[in-house]
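1. The following block contains a protein sequence and its predicted model.
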Amino acid sequence: MGQIRAILCGYYGKGNGGDEALLASLLQMLPESVTPLVLSGNPAETRKRYGVQSCDRTSPFQVLRAMRHSDSFIWGGGSLIQDVTSAASPLYYGGLMGLARQLGLKTIAWAQGIGPLKRDLTRRVAQQCFAGCTAVSVRDRGSAALLNEWNIPFIEAPDPVWALDSKPVKGLWDLPAPRVAVNLRSHPTLTPERLASLTQALVDFQKATQACILLVPFQTSQDLSIAESIQAQLTGPNHLFQLKDPRELKGLFRGVEMAIGMRYHSLIMAAAEECRCFALSYDPKVSQLMAQLDMPGWDLNQLPNDPNLISQTWLEHYANGDSLTGDQIQSLVDRALMHRDLLTQVLSTNRSAPI
């Protein structure tokens, strides 16, 4: 049997650290017999960073050509099928999935986080897409509940980024300890007033702990300006890390005492590296993660107005909070590898010939 050719489809090459971490995890978990081709918003960068074939995700000609020379199509993780960020998102991914099936490719919905789905049309599209897949895996209970409602078989396992290899970050250990990492992103729930309260709370927290604050944007377009505005108001040691390699993003948290994060994957990476975490939830997936891990935090809509109360809550968790134990982390990593096992099982046989 020759090499199996698989298209990897996700929100790749768009500068989002969480989605890049999913791609890195998927590439890490693919069987050696698979040759991947990644649909990317920046094919040149994807080829350079991961050493894989890549083509422009917005070019119908390139995508169709790739599909005609492939055997399998993998929806590669994350919140691809949701209509909150954009109603076009499920239509784009659903259209590609439908085309892949028409061309006879095996189709895998891999490590999906389904929803939120607010519109009847997108719910119907999602149901049809998942029902037609060769295999499905999801990363959370909410997604599992939807598939159960639709009578679609699946496996549920923790997000694959739990099992992503990490890499050391140059210069991290030269910064003074203790270190606290902060990740905030733009979102309607992070109003200017709430950002001002969080910033003042962070200033007070730093004065009380003498911690070095590490500002860690995951997506330049949505996180960087917020990180810079916070950095300008800090009075103690700090550093802004703009890391492109998701393995370094994860490795950063190995040298951190506590993380305060909005983004889902910032909290997973931090927790996986035995870092105490405090969540600021803007999305159901973050709230579900908080419940799953018994992670402290606030829904941003319920953030206290008093910066002093925020900083005191952070100080209490900094002094007395617990990180996950090594056994808890290993259990999550082991179960996350169920996504790898699914790939091995489904991709172990090839279709007879490309169309």
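-> That came in fine, so what should we check first? Numbers count the residues shown, from 1 in each chain.

2. Other residues contacting the biggest helix by length in the chain?
-> Ordering each helix of the chain by length in residues (DSSP state H) puts helix 192-209 first. Under the criterion Cβ atoms under 8 Å, 6 or more residues apart in numbering, residues 178, 180, 182, 184, 211, 213, 226, 229-230, 233-236, 238, 260, 280, 300, 303-308, 310-311, 314-315, 318 lie in contact with helix 192-209. For every residue, glycine as well, the C-beta is placed using N, CA and C.

3. Just the buried ones from those, in ChimeraX syntax?
-> To isolate the buried members of the contacts of helix 192-209 in ChimeraX, using 16 or more other Cβ atoms under 10 Å:
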select :180,182,184,211,213,226,230,234,238,260,280,300,303,307,310,311,314,318
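
4. In strands, which of the contacts of helix 192-209 fall?
-> Among the contacts of helix 192-209, DSSP state E puts Val180, Val182, Ile213, Asn238, Ile260, Leu280 in strands.

5. so what's the nearest residue to the second one once chain neighbours are set aside up against?
-> Distances taken as Cβ to Cβ, 6 or more residues apart in numbering put Ile260 closest to Val182, at 4.9 Å, once the chain neighbours are dropped. With contact taken as Cβ under 8 Å, 6+ apart, Ile260 is in contact with Val180, Ala181, Val182, Asn183, Leu202, Cys277, Phe278, Leu280, Trp314.

6. beta partners for Ile260?
-> Judged by DSSP bridges, the bridge partners of Ile260 are Val182, Phe278.

7. Read off the pLDDT value for it.
-> Per-residue confidence (pLDDT) for Ile260: 98.

8. what ranges do the helices span in the stretch 201-350 of the chain?
-> 225-231, 246-252, 264-272, 284-293, 307-320, 326-336, 338-346 (DSSP state H, counting those that start in this stretch).

9. tell me what the third one is packed against?
-> It stands for helix 264-272. Judged by 3 or more Cβ pairs under 8 Å, 6 or more residues apart in numbering; DSSP states H and E, the packing partners of helix 264-272 are helix 17-29, strand 179-183, helix 246-252, strand 258-261, strand 276-281, helix 284-293, helix 326-336.

10. any idea which of the contacts of Ile260 is the one closest to Ser266?
-> Within these, the smallest distance to Ser266 is 4.1 Å, found for Asn183 (Cβ to Cβ).

11. how far away is that closest one from Ile213?
-> Note on Asn183: its distance to Ile213, by Cβ to Cβ, to the nearest Å, is 11 Å.

12. For the stretch 51-200 of the chain, which segments count as helices?
-> 60-68, 88-102, 120-131, 141-149, 192-209.

13. Which of the ones you listed sits closest to Pro158?
-> helix 141-149 (10.9 Å).

14. What mean pLDDT does that closest one get?
-> Rounded mean pLDDT across helix 141-149 is 94.

15. Keeping just the C-alphas, turn that helix into CSV.
-> The C-alpha trace of helix 141-149 is given here as CSV (Å, rounded to 0.1, in the frame of the first residue of the first chain):
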residue,chain,number,x,y,z
ARG,A,141,-19.6,17.2,26.5
GLY,A,142,-21.6,19.9,24.8
SER,A,143,-20.6,18.7,21.4
ALA,A,144,-21.2,15.1,22.5
ALA,A,145,-24.7,16.0,23.6
LEU,A,146,-25.5,17.5,20.2
LEU,A,147,-24.3,14.4,18.4
ASN,A,148,-26.3,12.2,20.7
GLU,A,149,-29.4,14.3,20.0
